[in-house]
Each structure stands twice: as structure tokens, then as C-alpha cells.
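Engineer: When you get a sec, could you give me coordinates for this:
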Amino acid sequence: KLSDQRSCKPQPFCEPPTSLPTMIRYFKPIPTTSSCCFNTIPMQKKQPPSAAVQQAKVIAGEVILGYSALVDAMFEAGEHVLDETIDTTAEVIEHRHGSEAGETAKAAGVAAKDGVKAGLNVVKIGPKGVVKGAATAAGKELVADSV
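Structural biologist: Reported below is the predicted structural model:
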């Protein structure tokens with residue numbers, strides 16, 4: 001019967017395989033006429049990856065490095081554009097409204113740039129990294145103050 005084939009009850013006289021490190025033991029539905037339902041399959045040794053797989057891994061690694069370099073270059077270009085914009089804006093404001101207004105505009109631009117850079121750094125290292133760094137710095141400062 002089908003129900004007999006799906007039921008697997010280990011017999012008390014069944015002994016598990018003696019070489020468990022090299023064998024996988026599992027229960028398998030077998031006909032009830034069998035005396036034991038422990039079955040083993042030898043573990044297959046892991047084959048080394050083929051040459052094509054190894055080359056694909058190398059290519060994927062190079063693509064990731066290239067993408068990272070491209071993104072870093074874009075960040076640097078954006079920072080350069082922002083620096084030039086800050087300087088030009090400060091010069092225009094200084095020309096129209098005086099040197100004090102120009103210095104204030106430049107300071108505000110630098111503060112905005114620093115805020116953008118901080119945000120980009122948080123995105124790069126993630127919120128957990130920021131919290132970990134802040135906690136480490138605070139802990140070091142606390143230890144230095146108590147000593």
C-alpha cells in the first residue's frame with residue numbers, strides 16, 4: 001500500500017552508520033518489508049569551480065571596483081563644482097553688498113557643503129557605522145576625562 005511506503009518507523013535493532021563524518025544519515029520512506037529505514041548517501045566532495053566561473057568572479061570584482069571608482073570620481077567632481085559655486089557666489093555678493101556680506105555668504109556656502117559631505121559620508125558608511133564611531137569617540141573621551 002502507498003501508506004505503508006510512506007511510513008518509516010526505525011526498528012530497535014537498526015544501527016546508524018558507523019562513519020557519520022563521511023555519510024549523511026536520513027530517514028527515507030521505504031516499504032514495510034525492509035528491516036531498517038536508516039539510509040545513507042556518501043557525501044560528494046565539492047568540485048573546484050570551473051575556469052569560466054572563476055573568470056566570471058574576477059570580472060564581477062573588476063566591475064564593482066570600476067563602479068566604485070566612477071562613483072568616487074563623480075563625488076569629487078560634484079565637490080569641485082560646489083567649491084567653485086561657493087567662491088563665485090561669494091565674489092558676486094561681495095561686489096554688490098560689501099566684503100562683510102561676501103565673507104558671510106562664503107561661510108554659509110562652506111557650511112552647506114560640509115553638511116552635504118556629512119550626509120554623503122553617512123550614506124557611504126551607513127547609520128550603524130556613524131553610531132558606532134560616535135559611541136567609540138564618546139567612550140574614549142569619557143575614559144580620558146576620568147583618568
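
Engineer: What ranges does the protein have for its strands?
Structural biologist: Remark: strands assigned in the chain by DSSP state E are 23-27, 38-42.

Engineer: What residues sit buried inside stretch 73-87?
Structural biologist: 82, 86 (16 or more other CB atoms under 10 Å). In this view, the C-beta of every residue, glycine as well, is placed from N, C-alpha and C.

Engineer: Would you mind listing the outside residues contacting it?
Structural biologist: Stretch 73-87 is contacted from outside by 106, 109-110, 112-113, 116-117, 120, using CB atoms under 8 Å, 6 or more residues apart in numbering.

Engineer: Check the strands of the chain for me: which has the lowest mean pLDDT.
Structural biologist: Within these, the stretch with the lowest mean pLDDT is strand 23-27, showing a mean of 45.

Engineer: before we move on, the earlier item: with the contacts of stretch 73-87 in mind, which one is nearest to residue 138?
Structural biologist: residue 117 (21.9 Å; CB to CB).

Engineer: Which residue is the nearest non-sequential neighbour of the closest one?
Structural biologist: Nearest residue to residue 117 in three dimensions, chain neighbours excluded: residue 79, at 7.2 Å (CB to CB, 6 or more residues apart in numbering).

Engineer: what's the answer for residue 130, then?
Structural biologist: The nearest residue in space to residue 130 (CB to CB, 6+ apart) is residue 122, at 5.5 Å.

Engineer: Check that neighbour and give its pLDDT.
Structural biologist: 84.

Engineer: Count the neighbours of residue 109 for me.
Structural biologist: 19 (other CB atoms under 10 Å).

Engineer: And the pLDDT for the residue nearest to it when sequence neighbours are not counted?
Structural biologist: Leaving aside its chain neighbours, residue 109 sits nearest to residue 86 (3.4 Å; criterion: CB to CB, 6+ apart). pLDDT, residue 86: 93.

Engineer: and if you look at the one 5 residues further on?
Structural biologist: As predicted, residue 91 sits at a pLDDT of 94.

Engineer: is it true that it touches residue 102?
Structural biologist: Yes - Residue 91 lies in contact with residue 102 (CB atoms under 8 Å); the separation is 6.8 Å.
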